[in-house]
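Colleague: with the sequence up front, the predicted model follows.
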Amino acid sequence: MTESLESMTATDLLFYRPEGGWLGDPMPCYHDGRFYVYYQCDRRDPAPYPNGAPFGWSLFLTDDLRSGVDFGEVLHKGDPDGAERFLYAGSVIHAEGRFWAFYTGANRAFDDTDAPSETFRIATSPDGIEWTKHPELTMHSPDGFEKNYFRDPVVMFDPDLGAYRLLVAGRHDSGPRVRRGCLLEYRSTDLRQWSIEKVLWSPHTHHLLQMPDLFRIGDWWYLLYSEYDDQRRTRYRMSRSADGPWIAPQDDCFDGRAFYAARTVDVDGRRVIFGWNPTRAHGDDLGPWVWGGNLVTHDVVQRPDGTLGVRPNPELLDGAFEAADAEPRSLVLSRADGYTEEVVVADSSTRFRVDFTLEFVEDTFEFGLKLYENSDADQGYVYLFSPGEHRVRFDMMPNYPWFQVQNVGLSRPVPQPAGSVHVVTLIVDDDVCVLYVDDIALSSRMTRRPGQQVKLYVNSGSVAVRDLVYRDRTIRAE
């Protein structure tokens, strides 16, 4: 497709979700300067997945990660009584002059029958929009593995092998009752016929290793997965070889609990990761997380030791917000025996960005960045830095009457010794927020808006804030 997206009806991508629905399991493909973001759209009719209406794959197409066009469902679900009632996740690549979709056909009604409830399937397309399915290429889980878990295929070309590698999430049919999740590797030279190579990884840690991904940066290979149980995070392992062994870094996550089922794509040597921020049941901070939400993307960065971090996409920093309407500010917050705060934005919008450099001047007990704060009600959300714990967490403050927000999993490790300096960026779009501290991210969601203030505070210590800038989001003309 060569038509300019600017000539079509564009929708903003910043923490994007489809109109009238929610986004899950983004599957990005980058080709010819465009991001093809395939995803599952949950309309929550009559209820959120897995009890809602079946879905296929929808497509959001963007040139710049800031605005784009949603084509709706392009890879269509099948007969409600058939093997493609739902189209679970997979991956898309452009190869051999066309787009290839490797997807999961699923029907949970088959769970207690002889038929597998999840199968691996292939479709092709000349433009990434109109698809032809190839049912003759369908595969199911091999012997020795559970027939009802065979999902989320991802394909990459390995030039060292001269062949394509395909990873599929599966489960051994024996072993630990819950912790049987593993990744199966298949190989192919033509993208049509696949032969099983081996079990690439079987760590005996999770029920299922969902949404795997495999890529290389320099001398390191990286294996991504999203845990089906435990804290529901996207994690990674690293190795000098695509065959392992897979080393667990001390911090093996890209974000917190509110960033799930993430996949990456190479953009001319740059690696971008696409995940989704879940919603809360009944729109309540105390409710459990619900499948489906908003798209969140980060740029992946490799540290000198080979471990990975993330930073904001430059497209969002450069084009999604207005220029600062005031000169950068600097301030010092200090109190040895208690709490002091300062309002830095009295009336924020609901879509904004805050940047500053933070220095812990001396040993400090606590520092916080508060948003949607209401001073009269003494209520707001906070990203709370705890130097003694070397951690940043998301909460509501004061968290009273106990408790105000379910924040299990909403924290990230950040070393904060005295004298340390950190680059901080906060991006807020309505009820979704992402904090970046250097190359560490922590996403969350807020269901209330007590006020519009942005505050900084310190509790028992001293911090210096430099180059503080507030920006509203750019308002695009209709």
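Modeller: Alright, I've got the coordinates.

Colleague: not counting sequence-adjacent ones, nearest residue to H422?
Modeller: Nearest in space to H422, with sequence neighbours left out and distances taken as CB to CB, 6 or more residues apart in numbering, is L358 at 4.7 Å. (C-beta placed from N, C-alpha, C; glycine too.)

Colleague: check which helix or strand the one you found maps to.
Modeller: Taking DSSP states H and E as the definition, L358 sits inside strand 351-360.

Colleague: dump that strand to PDB, keeping only the CA atoms.
Modeller: Taking C-alpha atoms only, strand 351-360 is exported to PDB below (Å, rounded to 0.1, in the frame of the first residue of the first chain):
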ATOM      1  CA  ARG A 351      -2.300  14.600  28.500                       C
ATOM      2  CA  PHE A 352       1.100  15.900  29.400                       C
ATOM      3  CA  ARG A 353       4.800  15.200  29.900                       C
ATOM      4  CA  VAL A 354       7.300  16.200  32.600                       C
ATOM      5  CA  ASP A 355      11.100  16.000  32.300                       C
ATOM      6  CA  PHE A 356      13.800  16.800  34.900                       C
ATOM      7  CA  THR A 357      17.100  15.700  36.200                       C
ATOM      8  CA  LEU A 358      17.100  14.400  39.800                       C
ATOM      9  CA  GLU A 359      20.100  14.400  42.200                       C
ATOM     10  CA  PHE A 360      20.000  12.800  45.600                       C
END
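
Colleague: list the buried residues of it.
Modeller: R351, F352, R353, V354, D355, F356, L358, E359, F360 (16 or more other CB atoms under 10 Å).

Colleague: may I have the strands that pair with that strand, each with its orientation?
Modeller: Strand pairing for strand 351-360, determined by DSSP bridges: strand 421-429 (antiparallel), strand 453-472 (antiparallel).

Colleague: out of the ones you listed, which is closest to S117?
Modeller: Evaluated over the strands paired with strand 351-360, closeness to S117 peaks at strand 421-429, with 36.7 Å, by CB to CB.

Colleague: contact partners of that closest one?
Modeller: Contacting residues not belonging to strand 421-429 are listed as 14-15, 294, 312, 316-317, 348, 350-359, 369, 371, 383, 414, 416, 433-438, 473 [CB atoms under 8 Å, 6 or more residues apart in numbering].

Colleague: same check, this time on stretch 325-343
Modeller: Outside of stretch 325-343, the residues within contact range by CB under 8 Å, 6+ apart are 344, 361, 367, 370, 373, 375, 453-472.

Colleague: filter these to the buried ones?
Modeller: The neighbour-count test (16+ other CB under 10 Å) applied to the contacts of stretch 325-343 identifies 344, 367, 370, 373, 453-459, 461-465, 468-472 as buried.

Colleague: so the residue nearest the centre of the chain: helix, strand or coil?
Modeller: The chain has G275 as the residue nearest its centroid, 2.0 Å off, counting by CA atoms, centre = their mean. Under the three-state scheme (DSSP: H, G, I helix; E, B strand; the rest coil), the conformation of G275 reads as strand.

Colleague: OK, contacts around the residue lying closest to it once chain neighbours are set aside?
Modeller: The spatially closest residue to G275, leaving aside those adjacent along the chain, is A262, at 3.4 Å (CB to CB, 6+ apart). The contact partners of A262, by CB under 8 Å, 6+ apart, come to P26, M211, D213, L224, S226, T234, F254, D255, I273, F274, G275, W276.

Colleague: and which of those residues is nearest D395?
Modeller: Among the contacts of A262, and counting by CB to CB, the member closest to D395 is D255, at 16.6 Å.

Colleague: what pLDDT is listed against the residue lying closest to the closest one once chain neighbours are set aside?
Modeller: Leaving aside its chain neighbours, D255 sits nearest to A441 (4.7 Å; criterion: CB to CB, 6+ apart). Model confidence at A441, expressed as pLDDT, equals 98.

Colleague: separation between A441 and L358?
Modeller: 16 Å (CB to CB, to the nearest Å).

Colleague: what's the answer for N374, then?
Modeller: Relative to L358, N374 is positioned 24 Å away (criterion: CB to CB).

Colleague: what do you get for A418?
Modeller: Using CB to CB, we find A418 at a distance of 13 Å from L358.

Colleague: any shared contact partners between these two?
Modeller: When contacts are counted by CB under 8 Å, 6+ apart, the set common to A418 and L358 is empty.
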